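Student: Predicted model, plus sequence, below.
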Amino acid sequence: MMRGNFIRDCVGEIMKLRIFVFALMSVFMSTASFSAHVDGLGAFINGDYSAAYPELLNMAAQGDMSAQYSLGVMHQKGLGVEANADVAVKWYRKAGSKGHNGAIRNLEIIYLDGGELKFFDDEARTWYHWKAKEGSAEAQYYLGDIYFLGKGIDQDLANALKWYKKSASKGNMKAQYRIGEMYQSGRGVNQDLSKSLSWYLKAAKQGYKKAQYQIGLQHLLGNGTEMDLSKAVTWFHLSANAGYSKAQYTMGTMYEHGEGVDMDIAQAARWYKLAADQGYPDAQYSYGLFCELGKGVPQDYTVAAQWYRKAAENGVGKACYFLGVMYELGKGVDEDPVSSLKWYRLAAEQGHNRAHYNIGTMYAHGKGVPRDYVEAYKWFSLSAVMGLKQSLEMRNEIEKVMTPKQINEGRRLATEWVNRNTAEKDI
């Protein structure tokens, strides 16, 4: 009797386990390819993503919403594949359209992740409208951004302001900041710097670092309020401490020049470094200059060259010029006239006068390039027009060994360069 009960209990437990397994699989599977489901989902659950991926792709292609959801998770979190929000959204949309609650929930997390507006196609825009009308402050803000920035549709500032105000009324600090921007610039509303300041204050009091910076700027310039360096520094400091690189750079300049604070080169270097570490180009240049000169930090040409390069690659003309100097003189890097010329050219394209002059001297002396008086004449002419007296002296000097034909060609090349660069800047 006892043996019969034991066997019956065992069979019962086995049946319960089978029912549990079947129920678990039914959550993920809706097609006839059961073995592929078992293999794909089993591998996914066990963390064997390389084995799971091809099986899940196969099932997803057949319309299985759980496989589509699982692929979304893999791409969202970078499980066995490179993290890619765009691909994750694609799979979540497929699963969500079939009613998969997890996909719908994760899609909402991605859409309203608090970052910059990333998805603004027809489907995303429809979703934002739906959630905005339901009262979601985040969706209302993003919908405002779509209209404000003209993302995927024509720009509509009136609609942007409408949705920003709805979001702002619920305390969304980014929407409050956007309204401040609109009043500051007069876009979609009559320009009103006082109203701009009041909206920035709403966002700033919630800790929004961009708004804190803008309030500092308005106090610095006296826009919509009294000019007050002390208040400007207070707001810049709040923003900088919150990690806003633009404010950190501004604090660096104020400490460097003693504006609103006592001059403190070590503090200037510290703020420049913080902003530079976040990739702020002007701070990268300034910190590189401090390293080269030994201002507030130990002098180190190698470190200076590294920061100049970062700034130069981010388009700072002064950094291009100084990096060119480093390569020409072999300071912090191996002497390399070819690299020097490359960086001088990039600086010259951004209007750095000394770069024009240095290129001229390289052609005049054949340094890093074959000696070419026509090219030298061109670059000295460009620099002379920009007011560098040395350039005029050098151009007059090389004229003595040039033919009239060469001089005319140098003038033509200089005019052509000016016209080309002017046209490019006008585009």
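Tutor: Cool, got the structure.

Student: what sits against His129?
Tutor: Leu143 (CB atoms under 8 Å, 6 or more residues apart in numbering). All C-beta atoms are positioned from the backbone trio N, CA, C, and that covers glycine.

Student: scratch that, Tyr147
Tutor: Going by CB under 8 Å, 6+ apart, Tyr147 touches Ile153, Gln155, Asp156, Leu157, Asn159, Ala160, Trp163.

Student: Make TSV out of these and add distance to Pro370 and secondary structure.
Tutor: Listed next are the contacts of Tyr147 as TSV, based on distance: CB to CB, whole Å; DSSP: H, G, I helix; E, B strand; the rest coil:
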residue	distance to Pro370	secondary structure
Ile153	55	coil
Gln155	52	coil
Asp156	58	coil
Leu157	56	helix
Asn159	61	helix
Ala160	57	helix
Trp163	62	helix
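
Student: quick check, nearest of the residues you listed to Arg178?
Tutor: Nearest to Arg178 among these is Ala160, at 7.7 Å by CB to CB.

Student: Tell me, how many residues neighbour the closest one?
Tutor: 24 (other CB atoms under 10 Å).

Student: OK, contacts around it?
Tutor: Gly144, Asp145, Ile146, Tyr147, Phe148, Arg178, Met182, Gly188.

Student: returning to that earlier point: ok, so of the contacts of Tyr147, who is nearest Glu108?
Tutor: Of these, the one sitting nearest to Glu108 (CB to CB) turns out to be Trp163, at 17.8 Å.

Student: Ignoring the adjacent residues along the chain, who's closest to His100?
Tutor: Met65 (4.6 Å; CB to CB, 6 or more residues apart in numbering).

Student: ok, the one you found - contacts?
Tutor: With CB under 8 Å, 6+ apart, Met65 has these contacts: Ser30, Lys94, Ala95, Lys98, Gly99, His100, Ala103.

Student: And the buried ones among those, selectable in ChimeraX?
Tutor: Filtering those down to the buried ones (16 or more other CB atoms under 10 Å) takes a single ChimeraX command:
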select :94,95,100,103
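
Student: Among the contacts of Met65, which are located in helices?
Tutor: Using DSSP state H, Lys94, Ala95, Ala103 are the members of the contacts of Met65 that sit in helices.

Student: Tell me how far the second one lies from Asp86.
Tutor: Here the criterion is CB to CB, to the nearest Å. By it, Ala95 lies 16 Å from Asp86.

Student: ditto for the first one
Tutor: From Lys94 over to Asp86 the distance is 13 Å, taken as CB to CB.

Student: One more: Arg187?
Tutor: From Arg187 to Asp86 the distance is 30 Å (CB to CB).

Student: out of these two, which sits in the busier spot?
Tutor: More crowded of Arg187 and Asp86, by other CB under 10 Å: Arg187, with 14 against 10.

Student: what about the more buried one, which SS state?
Tutor: coil (DSSP: H, G, I helix; E, B strand; the rest coil).

Student: okay, it: pLDDT?
Tutor: Note on Arg187: pLDDT of 95.

Student: what sits against the residue nearest the centre of the chain?
Tutor: What sits nearest the mean C-alpha location of the chain, by CA atoms, centre = their mean, is Gly279, with 9.0 Å. If you count contacts by CB under 8 Å, 6+ apart, Gly279 has them with Ser245, Lys310, Asn314.

Student: now swap in Asp113 and tell me
Tutor: Asp113 neighbours (CB under 8 Å, 6+ apart): none.

Student: From Ala60, how far off is it?
Tutor: 24 Å.

Student: in the host helix or strand of His129, what's buried?
Tutor: Following DSSP states H and E, the helix or strand that holds His129 is helix 122-134. Buried residues in helix 122-134, counted by 16+ other CB under 10 Å: Ala124, Arg125, Trp127, Tyr128, Lys131, Ala132.

Student: Kindly reformat the contacts of Met65 as a markdown table and extend each row with pLDDT and distance to Val261.
Tutor: Shown next, in a markdown table, are the contacts of Met65 (pLDDT from 0 to 100; distance: CB to CB, whole Å):
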| residue | pLDDT | distance to Val261 |
| --- | --- | --- |
| Ser30 | 42 | 66 |
| Lys94 | 92 | 56 |
| Ala95 | 90 | 55 |
| Lys98 | 89 | 60 |
| Gly99 | 87 | 59 |
| His100 | 92 | 56 |
| Ala103 | 86 | 53 |
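
Student: Which of the contacts of Met65 sits closest to Lys367?
Tutor: Lys94 (61.8 Å).

Student: helix, strand or coil for His227?
Tutor: Quick fix: residue 227 reads Met, not His. Following three-state DSSP, we place Met227 in the coil state.

Student: Now for it, how many residues are close by?
Tutor: Met227 has 12 nearby residues by other CB under 10 Å.

Student: Hmm, it is touching Leu217, no?
Tutor: No: with contact defined as CB atoms under 8 Å, Met227 does not reach Leu217; the gap is 11.3 Å.
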